[in-house]
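Enquirer: take this sequence and fold it.
(2 chains)
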Amino acid sequence: MNTLTGYLRQAGTALRFLVVATVVLGLAYPVAVFGVGQLIAPYQANGSIIRDGTGAPAASALLAQAAADANGVQDPRWFHARPSAVLWDPASSSASNLGPNEPKLLDAVTARRAAVAAAESVGEDKVPADAVTASGSGLDPDISPEYARLQVARVAAAHGLGAEAVGSMVEKHTTGGLLAFLGQPSVNVTALNLAVAAAPQPSQPAQPK
Amino acid sequence: MTFNTASFVIQVAALVLVLAALHKPLGIYLAHVFEGTTHSRPERLFYRLAGIDPGADQRWSVYLRSVLAFSVVSILVVFGLQRVQGLLPGAGSLTGVDPWVAMNTAISFVTNTNWQTYVPEATVGIFVQMSLLAVQNFLSAAVGIVVAVALIRGIVRTRTERLGNFWTDLTRTSFRVLLPLAFVGAVVLVLGGVVQNFWSADVANQAAGISQVIPGGPVASQEAIKVLGTNGGGYFNANSAHPFENPNAVISLFQVFLILLIPSALPYAYGRMVGDRKQGFTVAAVMGTLWLASTTLTGWAVAGAQGTATAAAGGLGEGFEQRFGAAPSAIFAASTTLTSTGAVNVAHDSLPPLAGGAAMVNMMLGEVAPGGTGSGLYGMLILSIIAVFIAGLMVGRTPEYLGKRVGPQEMKLAAMYILVTPTQVLTLAGITVLLPEIMANAPATGPHQFSEVLYAFTSGANNNGSAFGGITSSGPYLSVMLGLAMLLGRFLPIALVLALAGSLARQGKIPASAGTVPTHGALFGSLLLGVTVILTALSYFPALALGPLAEGLLK
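Expert: Model prediction:
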């Protein structure tokens, strides 16, 4: 009996503790971080939204934005993001969670390699690993500089831009410095595609050289 | 993706340097908080509102009863409110959470595990995330710390039944330690690009004809305590691989720093509280050595890039994020499993077999290098007691630890502590592999299928929370079995630690003699290291051989 009342008293204390703690830790704290965030870093706190030439919100610089059909085949006019287990849907996020020896993954990688080689008109041995592997989040906005360079000719032709001009856009959107040293050099495809879209389009497609 | 060794070495060195620099100041602060006798004005108000007598000194059994009462009430509240989510603010179109999932999630967050059988984006709204789950991130971390503090008091105090007051300890740890550190951490995360708002945004790329709804939410505030409290439950399904949780390689390193911060400073507080700083340094050195060894091993295994699919891809990539690459992913994977965190910035299921195996071994060590907030320290202190016992056997003397006799009662408690977790992991994983219909939830082929199951129960019973994500654990069987693993894996060890604390506190102090085995210095440190590794190997080697070792060595 003594133990039972002891437990009940403890449970009452526990409930009161939880309620009061929730007010501080579950309401005041996140709201305070929200306030500080909106004050000192509203761009980051609101999802790093970047705008197009007209000033309208066009994308989050942190999330992949792929023009793709329902099967995940990406539009040849644009730089392609890495394969995604969730087809780049920002309402979800996931990796494939397939093991490194999984036959299913082996098949997927082989098929992607052939598809990328065909899309870029290069040999299969020229396709880098990030182009044929699904990212951890499914929303990875970045690709390797090698994969970006592989796509320059296709995108430049589709937009009637010079390969050199597009190549320098790739350079501009490649991370360097500390971020690249701690992580690895990466090209932000989301921002790069917006830059391509905003580039002045020549009236005639560029002559092949 | 290639493994950048220079980057790996520099990041590991930077972590060691910064944590070493903060070891003493943070350790002093922590000891000051735990030994405090005064109450601030907000704390007095808090005690009045919660109905707590902050001065009441509890016996070990009452301290334990408070831990259990608080945890049971928390589980019921988190479970119940998830079930009626539709009635709560911020739920949007979401309705009540499935009962098995809600049960598993409630246990998961209260036990500091943060195993996520739910897909957050599709299951839980802002209120559940912010006011239920993130609150448990604070409180479950604090519970781990206060249990470690009670054990230290048991070692320090003599001829008493009293170990302090759970509620006071919990309040101080939450509000004087975790809250301020989390706030600073959250602000840094926002500056680095982590989202913190309460709305989503519509965006449209007109040229390419794409519209998206960019998700929002109080992510940074949850992210900070997720890593600082070694919890690990992500705001998004992809956890710290999601760009909104972990936007770049600098933030990724910062998250690893936050994961290690409190567990690595607690040994200093311990040394200070027992009045012998060398004790704390020895524990910290053993933790640091294990961390360094395991992180290096994980890095080596990741760099090996084994696997047929990996080879076909031309290297690592599956499950990795481009902005991180191999080295930061290896560092994160090691630290998240050497503590009770379980956040991931790379899909562990897709790691090379031996790297996935290293993650499992890290958890199987009992998460003591440096371990979860509090649980790492009490785990290491139990191992120290086992180590003095073994040393005592060798020299033929009754073992003692910091002036307390390690008699049959103390040894029984310590031995049970060492045994309960492996027993659960191996029994529950063993039962599960015998059930073909359940094994269908782990869709991998070959030894990797067993690895998915072994990883799940290792993670659950050690309150880690990371997963080989291929496994689907939302059905009744795995929800219940993993729920059981998390509950028993948390509270049986805590009960044993508090019982041990009570038993040590009752004793008087024996003066050290010529025959006393010193529990500091390189000799004892090596012994402790050896005991930790050998106990793990004895318990788990056969299971590891069937899973990651078979996959990694037989190819």
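Enquirer: only C-alpha atoms from now on, for both contacts and neighbour counts.
Expert: OK.
Enquirer: quick one: list the elements packing against the helix or strand in which B:Asn104 is found.
Expert: Assessed by DSSP states H and E, B:Asn104 sits inside helix B:99-110. Counting contacts by 3 or more C-alpha pairs under 8 Å, 6 or more residues apart in numbering or on different chains; DSSP states H and E, helix B:99-110 packs against helix B:60-83, helix B:134-156, helix B:476-506.
Enquirer: nearest to B:Thr310, out of the ones you listed?
Expert: helix B:476-506 (29.7 Å; C-alpha to C-alpha).
Enquirer: give the buried residues for the closest one.
Expert: The neighbour-count check on helix B:476-506 (16 or more other C-alpha atoms under 10 Å in any protein chain shown) flags B:478-491, B:493-506 as buried.
Enquirer: right, and B:Gly407 touches B:Thr398 too?
Expert: Yes - shown here, B:Gly407 and B:Thr398 form a contact pair, counting by C-alpha atoms under 8 Å, at 7.5 Å.
Enquirer: what are the ranges of the strands in chain B?
Expert: B:201-205, B:210-214, B:400-401, B:404-405 (DSSP state E).
Enquirer: do the same with chain A
Expert: Counting by DSSP E, the strands of chain A are A:49-51, A:57-60, A:142-143, A:187-188.
Enquirer: need the residues of the stretch 401-550 of chain B near chain A, please.
Expert: Taking C-alpha under 8 Å from any C-alpha of the partner chain as the contact definition, the stretch 401-550 of chain B meets chain A at B:Ala444, B:Thr445, B:His448, B:Phe468, B:Gly469, B:Gly470.
Enquirer: just to revisit the earlier point, let me have the strands of chain B in TSV, adding distance to B:Gly307 and mean neighbour count as columns.
Expert: Below are those laid out as TSV (distance: least, C-alpha to C-alpha, whole Å; neighbours: other C-alpha atoms under 10 Å in any protein chain shown):
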stretch	distance to B:Gly307	mean neighbour count
strand B:201-205	38	18
strand B:210-214	35	17
strand B:400-401	47	22
strand B:404-405	51	20
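Enquirer: what would these look like in CSV with distance to B:Leu181 and mean pLDDT?
Expert: As requested, the strands of chain B are exported to CSV (distance: least, C-alpha to C-alpha, whole Å; pLDDT from 0 to 100):
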stretch, distance to B:Leu181, mean pLDDT
strand B:201-205, 30, 97
strand B:210-214, 29, 97
strand B:400-401, 33, 94
strand B:404-405, 35, 95
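Enquirer: make JSON lines from the ones you listed and add distance to B:Leu81 to it.
Expert: Shown next, in JSON lines, are the strands of chain B (distance: least, C-alpha to C-alpha, whole Å):
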{"stretch": "strand B:201-205", "distance to B:Leu81": "27"}
{"stretch": "strand B:210-214", "distance to B:Leu81": "27"}
{"stretch": "strand B:400-401", "distance to B:Leu81": "45"}
{"stretch": "strand B:404-405", "distance to B:Leu81": "46"}
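Enquirer: list just the one of those that sits closest to A:Ser84.
Expert: Here strand B:210-214 is closest among the strands of chain B (C-alpha to C-alpha), at 15.7 Å.
Enquirer: tell me which other helices or strands that closest one touches.
Expert: Short answer (3+ C-alpha pairs under 8 Å, 6+ apart): strand B:210-214 packs on strand A:57-60, strand B:201-205.
Enquirer: once you drop chain neighbours, what's closest to residue 89?
Expert: Here I'm looking at chain A. A:Leu139 (7.3 Å; C-alpha to C-alpha, 6 or more residues apart in numbering or on different chains).
Enquirer: wait, chain B
Expert: B:Phe127 (6.3 Å).
Enquirer: for B:Gly193, what are its contacts?
Expert: Listed by C-alpha atoms under 8 Å, 6 or more residues apart in numbering or on different chains, the contact set of B:Gly193 reads A:Gln44, A:Ala45, A:Gly47, A:Ser48, B:Phe244, B:Asn246, B:Pro247.
Enquirer: contact residues of the stretch 251-400 of chain B facing chain A?
Expert: So the stretch 251-400 of chain B meets chain A at B:306-310, B:312-328, B:345-353 (C-alpha under 8 Å from any C-alpha).
Enquirer: any chance of the helices and strands packed on helix B:99-110 in a markdown table, plus mean pLDDT?
Expert: Supplementary listing: these in a markdown table, determined by pLDDT from 0 to 100:
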| stretch | mean pLDDT |
| --- | --- |
| helix B:60-83 | 97 |
| helix B:134-156 | 98 |
| helix B:476-506 | 97 |
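Enquirer: format the ones you listed as CSV; extra columns: distance to A:Asp69.
Expert: As requested, those are arranged in CSV below (distance: least, C-alpha to C-alpha, whole Å):
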stretch, distance to A:Asp69
helix B:60-83, 36
helix B:134-156, 37
helix B:476-506, 36
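Enquirer: filter the residues of the stretch 401-550 of chain B next to chain A down to the buried ones and hand me the PyMOL line.
Expert: The following PyMOL line selects those of these that are buried, judged by 16+ other C-alpha under 10 Å:
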select buried, chain B and resi 444+448+468+469+470
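Enquirer: out of the residues of the stretch 401-550 of chain B next to chain A, which one sits closest to B:Val84?
Expert: Using C-alpha to C-alpha, those come closest to B:Val84 at B:Gly469, 27.4 Å.
Enquirer: ok now stretch A:26-38, how far from the chain's centre?
Expert: Here stretch A:26-38 is found 26 Å from its chain centre; the criterion is C-alpha atoms, centre = their mean, to the nearest Å.
Enquirer: enumerate every residue touching B:His348.
Expert: A:Asn97, B:Gly319, B:Ala333, B:Gly356, B:Ala467, B:Phe468, B:Gly469.
Enquirer: hmm, try it at 10 Å
Expert: Residues near B:His348 by C-alpha atoms under 10 Å, 6 or more residues apart in numbering or on different chains: A:95, A:97-99, A:136, B:319-320, B:329-330, B:333, B:355-357, B:359, B:455, B:466-470.
Enquirer: farthest pair in the residues of the stretch 401-550 of chain B next to chain A?
Expert: B:Thr445 and B:Gly469 (14.1 Å).
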